[in-house]
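Undergrad: need a structure here:
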Amino acid sequence: MTDLVLRDLSPELAGRLRRLAEAQGITTHAVLVEVLEQGLRACEDALRRRLDAEEEDALRRAISALQQVPDDPGFGLIGRLPGIPPQAG
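TA: From the prediction side, this is the model:
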């Protein structure tokens, strides 16, 4: 396993990590590993939710094209007979 040295942690952050370790009954090292894993996962998930410029442009064009499709009230009537209300369920 690789050793890492964390420098310049604020006393507040170090205290929070220490209190979290004490509350969970584990070492500060274990808390740091857990925090890094969860934080990294959150950052990776946030990146996956973003679109790159090409994807964003494609989505914008698709939405624009869909907005140009005219409303067709007849589409909602497919399979229904005039004058007979649709059955529930």
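Undergrad: buried ones in the helix or strand containing V33?
TA: For V33, the host element (DSSP states H and E) is helix 28-48. Across helix 28-48, burial judged by 16 or more other Cβ atoms under 10 Å covers V31. Backbone N, C-alpha and C define where each C-beta goes, glycine included.
Undergrad: what's the distance between it and the middle of its chain?
TA: 15 Å (Cα atoms, centre = their mean, to the nearest Å).
Undergrad: next one: stretch 54-63
TA: 19 Å.
Undergrad: tally of neighbours for L17?
TA: Neighbour count for L17, taken as other Cβ atoms under 10 Å: 17.
Undergrad: pretty sure it contacts T28?
TA: Yes - between L17 and T28 there is a contact under Cβ atoms under 8 Å: 5.8 Å.
Undergrad: The helix holding V33 packs against which elements?
TA: Applying 3 or more Cβ pairs under 8 Å, 6 or more residues apart in numbering; DSSP states H and E, we find helix 28-48 packed against helix 11-24.
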